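Enquirer: Below are the sequence and a predicted model for it; my questions follow.
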Amino acid sequence: MSKPRILVARALFPETVALLEQHFDVEHNQADEPWDAAGFIARLQGKQGVLTTGSECVDAAVLAACPELRICANMAVGYNNFDVEAMSAAGVQGTNAPDVLTETTADFGFALLMATARRITESEHFLRSGQWKRWRYDMFAGAEVHGSTLGILGMGRIGQGVARRGAYGFGMNVLYHNRSRLDPALESECRARYVGKEELLKTADHLVLVLPYSASSHHAIGAAELALMKPTATLVNIARGGIVDDAALAAALREGRIAAAGLDVFEGEPRVHPDLLALSNVVLTPHIASATMPTRRAMARLAADNLIAFFHGDGPLTPVNSVMGSKV
Ligand code: GLV
């Protein structure tokens, strides 16, 4: 029997490609060539499965052009690059890569919070550019982290990881807002208190965004929300570009309406709003919150295991939709 044909859309760990080759007829992209939508569709012809990253968009046009496609396995926990409704309608299974990146991403959220509050990159640039001539009492004086109020918008697994770090590691008063309230046992384990979104915005000294992107979270933080925040507050986004209105954020940062921001994700990335690039009170990183080698290996392995389980008829391990009458 011939093996199912799959596409690996981006460069990947050689051992993961080798594992896939044991099960599938694999076309890979180890050269990491950038494909536009037409190039992606061209490579998908005749493929039954694809391993995507968050950068490849699977929408109705892709699905219509690739009728043999049965499964898209995303090497990311977020899957806003998938049109899940169109995939379900086309009978195409989607999977994501949750859990394996939770703690690593929460670590990074905290690193970005610390770097932002304590002005680490800004002061490093100052030093490297030879401007450090002598000590001064208020030089790069930032915001306090320990004992301050941590606000978390989006209290899934990663949000809970950020809460624990804040509460247990830094003695922070942790508040959160989420679509639904956590059960009381989990709330008390995270030492986090549920509040309304407005109260969260008004009281947080450090606000961390960890919610999924969807039409309803588009610009969840815009000019009106930023106006509610304290002028001394910092904002950290490790969720998705588009949750924050980047132009409104740049204006708020420029005018001192909030103190600083730490951003790992951007609207329309890898493009970064030029107004953000021009500011010193913002820490910018290129979407690397899950980037440790063990975690990226685990994410790749989970995406591969989803493909393997699906084609072996065991069902996907971490589905994001349910597909009636799967074609396998
Ligand atoms: C990264 O952004 C992910 O969703 O895994």
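Expert: All right, it came through fine.
Enquirer: which SS class is the residue lying closest to E27 once chain neighbours are set aside?
Expert: Once flanking residues are discounted, E27 sits nearest to L7: 5.1 Å by C-beta to C-beta, 6 or more residues apart in numbering. Every C-beta, even on glycine, is put in place using the N, C-alpha and C of the backbone. For L7, the assignment made with DSSP: H, G, I helix; E, B strand; the rest coil gives strand.
Enquirer: L7 bridge partners, please.
Expert: E27, V50 (DSSP bridges).
Enquirer: I'd say P270 and L284 touch.
Expert: No: in this structure P270 lies outside contact range of L284 using C-beta atoms under 8 Å: 11.3 Å.
Enquirer: Between these two, which is the more surrounded one?
Expert: L284 (15 against 9; other C-beta atoms under 10 Å).
Enquirer: For the more buried one, give me its contacts.
Expert: Neighbouring residues of L284 by C-beta atoms under 8 Å, 6 or more residues apart in numbering: 263, 272, 276-277.
Enquirer: try it again with 7 Å
Expert: By C-beta atoms under 7 Å, 6 or more residues apart in numbering, the residues touching L284 are 263, 272, 276.
Enquirer: do you know how far it is from the ligand?
Expert: Distance, L284 to the ligand, using C-beta to the nearest ligand atom, to the nearest Å: 16 Å.
Enquirer: coming back round to it: I'd like to know which of the contacts of L284 is nearest to the ligand.
Expert: Among the contacts of L284, L263 lies closest to the ligand (C-beta to the nearest ligand atom), at 12.8 Å.
Enquirer: Please name the spatially closest residue to that closest one (chain neighbours excluded).
Expert: With sequence-adjacent residues excluded and distances taken as C-beta to C-beta, 6+ apart, L263 is closest to N237, at 5.1 Å.
Enquirer: S280 now?
Expert: Closest to S280 by C-beta to C-beta, 6+ apart is E122, at 5.1 Å.
Enquirer: rewinding a little: wait, the residue nearest to L263 touches L249, no?
Expert: No: counting by C-beta atoms under 7 Å, N237 does not reach L249; the two are 8.7 Å apart.
Enquirer: To which secondary structure element is A61 assigned?
Expert: Following DSSP states H and E, one finds A61 within helix 60-65.
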